[in-house]
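*Asks:* Here's a sequence, model it:
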Amino acid sequence: QVQLVESGGGLVQAGGSLRLSCAASGRTFSSYPMGWFRQAPGNEREFVATISWNGRNTDAAGSVKGRFTISRDNAKNTVYLQMNSLKPEDTAVYYCAARGSPYASRSYYQADYDYWGQGTQVTVSS
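*Replies:* Modelled structure (predicted):
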């Protein structure tokens, strides 16, 4: 069984920064690609960023590229999402997710992820 626990969400003013963390337990974290997704009220959950199992390759959605950075520390079994220049439209519940296949490619698609955290709320005020 895999457990993912997000933290670091909160209320911030537009233009501010937050760093989300996702702590993984239950298996060998370092072999699996990870992703961040978000869901705003009334919207479907959408892709934010993804990182390869070794951390060498990343990608992000166009709406956050240049502002958000995904990274991981395999020694700490943790993946991060550094969010800078936050905008009110970034307000959402943010979820981290793990793919179920070791050494798989990173993915933009929710269906490719087998394990999900409970989410952390990010609210950006204008």
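*Asks:* got the CA positions of the one helix or strand residue 93 maps to in CSV?
*Replies:* Element membership for residue 93 (DSSP states H and E) is strand 92-99. Taking Å, rounded to 0.1, in the frame of the first residue of the first chain, the C-alpha atoms of strand 92-99 are listed here in CSV:
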residue,chain,number,x,y,z
ALA,A,92,-7.5,25.0,-6.1
VAL,A,93,-7.0,21.8,-4.2
TYR,A,94,-3.6,20.4,-5.2
TYR,A,95,-3.0,16.6,-5.3
CYS,A,96,0.1,14.7,-5.7
ALA,A,97,0.1,11.3,-7.4
ALA,A,98,2.4,8.4,-8.1
ARG,A,99,2.5,6.1,-11.1
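*Asks:* buried set for the helix or strand following it?
*Replies:* Later in the chain than strand 92-99, the nearest helix or strand by DSSP H and E is strand 113-116. Within strand 113-116, the residues scored as buried using 16 or more other C-beta atoms under 10 Å are 113, 115, 116. Where you see a C-beta, it was placed from the backbone N, CA and C, and this is true even at glycine.
*Asks:* Rounded mean pLDDT for strand 113-116, please.
*Replies:* Mean pLDDT, strand 113-116: 95.
*Asks:* For the closest residue to residue 116 other than its chain neighbours, name its beta-bridge partners.
*Replies:* Spatial nearest neighbour of residue 116, excluding adjacent residues (C-beta to C-beta, 6 or more residues apart in numbering): residue 97 at 5.0 Å. Beta-bridge partners of residue 97, counted by DSSP bridges, are residue 35, residue 116.
*Asks:* Many thanks, have a good one.
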